[in-house]
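In: Just to be clear, the model below is a prediction. Sequence and coordinates:
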Amino acid sequence: EHGDVGRAVEFLLRARDWERVIEIILSHGSEVFERGHMATVARWIEEVPEVVRAGRHDLSLLLAFLKGADGQAAASEDIASKILTDHTATDGERCCAMAFLVLLAQWRSRPETTVDFAVRALRALDKIEDIEQVKIPAVMGLTDAHSLRATVLISGGRAQFLAGNMEEAREWLELGLASTGASYSIWKVSALGSLALLEAWAGYTRRAETLADEALAVALEVGTLAHPSTADAYLALTFVALERGQPNKAALSLHERTLRVH
């Protein structure tokens, strides 16, 4: 199911070759993530004994990211929060943890909390960019400063939307979409889909449909239609269909998304 990387990791786990397991997870985990198998990589990490993982903030950050992306918000928040308060963590690691807390926007009951995290994360990124000696850990090659800024803006925009701040949400999402980090396809799909959902909610159906179609076209091109990042685009198309009095088309959009996931 997970190709050569998965077979290699499963073999090494059985052999208890923990260092090789960690090496492969850190260098190839993104391949499995992009296929939407976040829970698989998280399980691999958790099968490595805690005594081996102790002090490995890079592994903890990866685990926090994966659990958040898989909808395990409480577990993700616990891990990221511990890194924020760990005196052995670097400024770059704390900045990364703060960004991951922002990514939990859709699962947090108080969106204002996420907005606060987003503002703090952007300030931390600004500070880090002014200090060349501070390095951000490379979690699956997706946590350089540009990529983190894009994810913070996009998730912060979602939080503004959930808080009912429509203009602020649109501004944040458009900034995220225009940012350098949004060149990564999954972040781009996520930004386009969230902006489409916002526009559909606001009644701008034509723009919502255009944005959602673009998001799904990008996902189709790179083979990630089943990835969670497409969810907002499908929801946007559902709202558009309902607004136009097309309930069957709305149901079809939701059904297609369900089929993609399963």
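Out: Now that the structure is in, tell me what you want to look at. Residues are numbered from 1 along each chain as shown.
In: neighbours around A145, how many?
Out: 19 (other C-beta atoms under 10 Å). (Each C-beta comes from the backbone N, C-alpha and C, glycine too.)
In: repeat for the one 5 residues further on
Out: Residues within reach of A150, counting by other C-beta under 10 Å, total 27.
In: What separation is there between it and E168?
Out: 17 Å (C-beta to C-beta, to the nearest Å).
In: swap in R123?
Out: Going from R123 to E168 by C-beta to C-beta gives 17 Å.
In: higher neighbour count, the two?
Out: Neighbours of R123 and E168, each counted by other C-beta under 10 Å, are more numerous for E168; the result is 16 against 12.
In: Give me the distance between the nearest residue to W201 once chain neighbours are set aside and L254.
Out: In this structure, W201 finds its nearest non-sequential neighbour in F239, 6.5 Å apart by C-beta to C-beta, 6 or more residues apart in numbering. From F239 over to L254 the distance is 11 Å, taken as C-beta to C-beta.
In: Could you do E93 as well?
Out: In this view, E93 and L254 are 39 Å apart by C-beta to C-beta.
In: Please identify which of the two sits among more neighbours.
Out: Neighbours of E93 and L254, each counted by other C-beta under 10 Å, are more numerous for E93; the result is 23 against 14.
In: name the element that one belongs to?
Out: Under the criterion of DSSP states H and E, E93 resides in helix 91-102.
In: average model confidence for that helix?
Out: Along helix 91-102, the predicted confidence averages to a pLDDT of 93.
In: For that helix, which residues meet the burial criterion?
Out: Within helix 91-102, the residues that qualify as buried are 92-102, counting by 16 or more other C-beta atoms under 10 Å.
In: other SSEs contacting that helix?
Out: In this structure, helix 91-102 packs against helix 57-69, helix 73-85, helix 111-129, helix 145-162, with contacts taken as 3 or more C-beta pairs under 8 Å, 6 or more residues apart in numbering; DSSP states H and E.
In: List the buried residues of stretch 207-221.
Out: Taking 16+ other C-beta under 10 Å as the neighbour-count basis, stretch 207-221 is seen to contain the buried residues 207-209, 211-212, 214-216, 218-219.
In: hmm, I was thinking of stretch 70-81
Out: Buried residues in stretch 70-81, defined by neighbour count with 16+ other C-beta under 10 Å: 70, 72-73, 75-77, 79-80.
In: Tell me the one of those residues nearest Q246?
Out: Within these, distances to Q246 taken as C-beta to C-beta reach their minimum at D70, with 32.4 Å.
In: Nearest residue to the closest one in space, ignoring adjacent ones along the chain?
Out: Spatially, and ignoring its direct neighbours in sequence, D70 is nearest to M38 (4.0 Å; C-beta to C-beta, 6+ apart).
In: In contact with that neighbour, which residues are there?
Out: M38 makes contact with 32, 66-67, 69-70 under the criterion C-beta atoms under 8 Å, 6 or more residues apart in numbering.
In: Apply 6 Å and report the result again.
Out: Listed by C-beta atoms under 6 Å, 6 or more residues apart in numbering, the contact set of M38 reads 66, 69-70.
In: cool, and L175?
Out: Listed by C-beta under 6 Å, 6+ apart, the contact partners of L175 are L153.
In: any idea how far it is from R20?
Out: From L175 to R20 the distance is 41 Å (C-beta to C-beta).
In: do the same with Y234
Out: For Y234, the distance to R20 (C-beta to C-beta) stands at 39 Å.
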